[in-house]
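Asks: predicted structure and sequence below. I'll ask about it afterward.
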Amino acid sequence: MDTTRRKSARRRRRRRRTVAVVPSLFTLANGVCGFASIIMASRIQPAVLMTGGEGYAEAMTDLGIAGWLLVAGMVFDVLDGRMARLANAASRFGAELDSLCDVVSFGAAPAFLLLKLGPTRANPLLYKILFLAATFYVICTILRLARFNIETDVDEESHRYFKGLPSPAAAGCLASIAIMRSHLYGQHGVLDVEYLGRMVGNALPFATILLALLMVSNITYLHVVNQKIRGRHSFNHLVMLVIMVGFALLLPELSLVLGFWGFALVGPVRAGVLRWGWLPRKEPTSRYSTRDEETSPEEERDPMDELYPRPTDENC
């Protein structure tokens, strides 16, 4: 009997190791997308983007591809965790591998893309700020992922809320700018290229510093997939999702900019509004709650509890 039990346990362990290969491949695909984005961005000359000189069309094509590769990495990042949980193969190894690939795709690659989009040596002060912003962004991404590893479990319930801006969302903010610039060129050609390039390039370093600070903040962000798509919701909620999907299909580039930047800014704006008491505080209610959550009366309430139900854990 003991021999049979041991053989059964060995078969289960082998099965778990075999199934875990599939999520790991998706995780590695995420890292490959980030590396490919760096390769495409390395072909771009920043001066060409700022002035619209020779090779501008090729630079715009490379810029768009680099941005879309980061979006593809985000898709793989979502799928690997979903497949691991569906296969009951979530593990610490998968979480560590995911974080390592995220450093490449959502840390190094967006920072490198920023160096291509930002100001050139023609403006020495902004050029130095650009490098400091890119470095600060990578550091905050690493800190963000390290904090996630020690604060989050592999179970589904730990993937309901974010503590700080998720690194994929921060990367999406920068990628969406690259994609939009490439799209505008494809639609309108070289239209006020020097003005557009200078405006975007000069503003991005400061916007990137803001994104980096949001990543390491304690602001609570909602997990959109787990909270707004999974589970039961009202009919009006379904209608709004259909409208949003239709808008995204009609104007994908603009949808990325509005979606990522809106998600990044709604956290601090809402937190500030609640903290300063500009909105009446009331207990959040949900008609279609997926699970009952009890709050001890002795627990001190956080201002963000007015925005979302109290999280059971944080996610990255």
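Replies: Everything's here; your move. Numbering: from 1, shown residues only.

Asks: low-scoring stretches of the stretch 51-200 of the chain, by residue?
Replies: 52, 152-160, 186-194, 197 (pLDDT under 70).

Asks: strands of that one, start to end?
Replies: Per DSSP state E, counting those that start in this stretch, the stretch 51-200 of the chain carries strands over the ranges 161-163.

Asks: in it, mark out all the helices, start to finish.
Replies: Assigned by DSSP state H, counting those that start in this stretch, the stretch 51-200 of the chain shows helices spanning 56-86, 92-103, 109-117, 124-151, 167-188, 193-215.

Asks: list the contacts of the shortest one.
Replies: Counting contacts by CB atoms under 8 Å, 6 or more residues apart in numbering, the residues outside helix 109-117 that touch it are 34-35, 37-38, 41-42, 44, 46, 49, 63, 66-67, 69-70, 73, 130-131, 133-135, 137-138, 170-171, 174-175, 177-178, 181, 200-201, 204-205, 208. C-beta coordinates here come from the backbone N, C-alpha and C atoms, glycine included.

Asks: got the angle for that helix vs helix 167-188?
Replies: 40 degrees (axes from the mean of the first three to the mean of the last three CA atoms, to 10 degrees).

Asks: can you check the longest one too?
Replies: In terms of direction (the same axes, to 10 degrees), helix 56-86 departs from helix 167-188 by 150 degrees.

Asks: helix 56-86 packs against which elements?
Replies: helix 21-42, helix 46-51, helix 92-103, helix 109-117, helix 167-188 (3 or more CB pairs under 8 Å, 6 or more residues apart in numbering; DSSP states H and E).

Asks: hey, which of the helices of the stretch 51-200 of the chain is tucked in deepest?
Replies: helix 109-117 (a mean of 24; mean count of other CB atoms under 10 Å).

Asks: now the angle from that one to helix 92-103?
Replies: Using the same axes, to 10 degrees: helix 109-117 against helix 92-103 is 0 degrees.

Asks: chain center to helix 109-117: distance?
Replies: Relative to its chain's centre, helix 109-117 lies at 16 Å (CA atoms, centre = their mean, to the nearest Å).

Asks: could you give the angle of that helix to helix 193-215?
Replies: Going by the same axes, to 10 degrees, helix 109-117 makes 150 degrees with helix 193-215.

Asks: how about helix 109-117 as PDB, C-alpha atoms only?
Replies: Listed next in PDB are the C-alpha coordinates belonging to helix 109-117 (Å, rounded to 0.1, in the frame of the first residue of the first chain):
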ATOM      1  CA  ALA A 109      12.500  48.200 -22.300                       C
ATOM      2  CA  PRO A 110      10.200  51.100 -21.400                       C
ATOM      3  CA  ALA A 111      13.200  53.000 -20.000                       C
ATOM      4  CA  PHE A 112      15.200  52.400 -23.100                       C
ATOM      5  CA  LEU A 113      12.200  53.500 -25.300                       C
ATOM      6  CA  LEU A 114      12.100  56.700 -23.200                       C
ATOM      7  CA  LEU A 115      15.700  57.500 -24.000                       C
ATOM      8  CA  LYS A 116      14.700  57.400 -27.700                       C
ATOM      9  CA  LEU A 117      11.600  59.600 -27.200                       C
END
